[in-house]
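[1] Provide a 3D model corresponding to the input given below.
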Amino acid sequence: MRVWTRNDILGLAAVGATLLVGLSAFFVPEVRYLLRLERRPLPVPQSQQTSSPLPSPPAPVAAQSNESPAVYGEPANTIAEVRNRHHVAPMREAESGETLSEVPPGSFGFAYAVLVVHLSESPEKIPLDAHGTFMDLEMHKLADGHSEVVAYVGPETLERLRHGLRPGEQLTVYTKAWKDAPNLVAIPFPRIQCQRDRMLEPDKRDQLYAVDCRAR
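    Down below sits the predicted model:
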């Protein structure tokens, strides 16, 4: 029987240690780093250790329009039809000369076309008269207080009023019906601004006023 010497035991221990180191090189990261079998990972900078979430995109802003709605006209066959529809009665004689803001709701009167133009920026200050002439536009003050101008327009203008005039579009209204403007229509008075009045004599006998305005 062989007797193990001290050198044999030390040699066997060295082989065992070598095997242990070899095996640990595959499983222990620190040993792999020591034997240069694997590179130690670089440290992560402090600023990158926690990732901040990306900012959310701004919510879409709904498109807004400051443009006024279209201006529509209310056609009628006769002046009596418009008055009945608006439930207005003639203003009293004693109220002649009162302004549009002063006459009672549910009444109608007549405004001198020249003053409609000159007081266009302050329509509530336009004086009304109980009786109309070829120089006047009929004004209705409805029960809710809003006002309508009743006038005559040409076929092309009537069609545009049916579809709605955009702010700034031009139109001409007339104090009386004539061959170029036979159509009766009621228009919300605050929605138009009148800029010029013109006296016409279509057949050299009759007279009427044309009032050039624009939608607003």
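[2] break down this structure into its helices, ranges please.
    With DSSP state H as the definition, the chain shows helices at residue ranges 6-27, 29-34, 79-86, 113-118, 155-163.
[3] care to break this structure down by domain?
    The record's domain parsing of the chain by automatic domain parsing lists 6-40, 74-215.
[4] quickly compare those and say which is most buried.
    Of all the domains of the chain, domain 74-215 has the most neighbours on average by mean count of other C-beta atoms under 10 Å, namely a mean of 17. (Glycine included, C-beta is placed from N, CA and C.)
[5] so how far does that one reach from one end to the other?
    Between the opening and closing residues of domain 74-215 there is a gap of 15 Å (C-alpha to C-alpha, to the nearest Å).
[6] go on, stretch 180-189?
    This stretch, stretch 180-189, spans 22 Å end to end (C-alpha to C-alpha).
[7] and the strands in this structure?
    For the chain, the strands defined by DSSP state E cover 74-76, 89-90, 107-112, 136-141, 147-153, 170-174, 183-188, 192-200, 208-215.
[8] can you add distance to E159 and mean pLDDT and give those back as a markdown table?
    Listed next are the strands of the chain as a markdown table, based on distance: least, C-beta to C-beta, whole Å; pLDDT from 0 to 100:
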| stretch | distance to E159 | mean pLDDT |
| --- | --- | --- |
| strand 74-76 | 10 | 98 |
| strand 89-90 | 31 | 98 |
| strand 107-112 | 26 | 98 |
| strand 136-141 | 21 | 98 |
| strand 147-153 | 10 | 98 |
| strand 170-174 | 11 | 98 |
| strand 183-188 | 9 | 98 |
| strand 192-200 | 17 | 97 |
| strand 208-215 | 14 | 98 |
